[in-house]
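Asker: what follows is a predicted structure for the sequence shown.
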Amino acid sequence: MKKIMTHWFVGMDQRISAWMDRYCLVLLKTSLALIFIWFGLLKPLGMSPEEELIKRTVYFFPPDLVLTVLGYWEVAIGIGLLYRPLHRLALFLLLIELPGTFLPLVVLPEVCFRSVPFVLTLEGQYIVKNLFLIGAAFVIGSKVSERLSARQKKM
């Protein structure tokens, strides 16, 4: 009985893993795209919860211009992640933009930390989660050439 259960479990584990492998990249690109489109649209519409943080961080540029450009930049990233021929451009725009998202940690540490460097405020946590977005971008980027190679081999 134990051997049957082990065999069943291993088989089920392999099927689930294969299903995840097949759809994980699509799910990752789609979820990342939705985040960028959603958060991006809030900026030019004046509805972003991070509006004040952005204005205080990039105070040397006109705030409305920064929010508009940044918002549409993020929407462009999201659209690029949804449309395969634009993946490389979207990833390039994302990798240019994301380092700037960490700027408040340096410019406004009193807003981002309750105790530097480990106790983050809600704003600080919102910023540090961008490490995950960078990791997701790297996973997506690592597969761009792989898919191109697979298509070329089929030809």
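Answerer: Great, that's in hand.
Asker: need the three-state assignment for Met47.
Answerer: coil (DSSP: H, G, I helix; E, B strand; the rest coil).
Asker: what about it, how many neighbours?
Answerer: By other Cβ atoms under 10 Å, 9 other residues sit near Met47. (Glycine included, C-beta is placed from N, CA and C.)
Asker: next one, pLDDT for it please.
Answerer: Met47 is assigned a pLDDT of 96 by the prediction.
Asker: and Phe9, by the same measure?
Answerer: pLDDT, Phe9: 81.
Asker: so where do the helices sit in the chain?
Answerer: Secondary structure of the chain (DSSP state H): helices located at 2-42, 51-57, 63-82, 87-101, 103-107, 109-112, 122-128, 130-154.
Asker: contacting residues for the most centrally placed residue in the chain?
Answerer: For the chain, the residue nearest the mean C-alpha position is Leu133 (3.2 Å; Cα atoms, centre = their mean). Leu133 is in contact with 32, 35, 94, 98, counting by Cβ atoms under 8 Å, 6 or more residues apart in numbering.
Asker: which of those scores worst on pLDDT?
Answerer: Lowest confidence among the contacts of Leu133: Leu98, with 88.
Asker: can you give me the distance of that residue to Gly46?
Answerer: Per Cβ to Cβ, to the nearest Å, Leu98 is found 23 Å from Gly46.
Asker: same deal with Glu110?
Answerer: Taking Cβ to Cβ, one finds Glu110 at 25 Å from Gly46.
Asker: look at these two and report which has more neighbours.
Answerer: Between Glu110 and Gly46, counted using other Cβ under 10 Å, Gly46 has the larger neighbour count: 11 against 8.
Asker: give me the phi and psi for that one.
Answerer: Per-residue torsions, Gly46: phi 70, psi 30 (degrees, to the nearest 10).
Asker: now it, nearest residue through space, not along the chain?
Answerer: Nearest residue to Gly46, sequence neighbours excluded (Cβ to Cβ, 6 or more residues apart in numbering): Leu67, at 7.7 Å.
Asker: again, but for Asn130
Answerer: Nearest to Asn130 is Thr101, by Cβ to Cβ, 6+ apart, at 4.8 Å.
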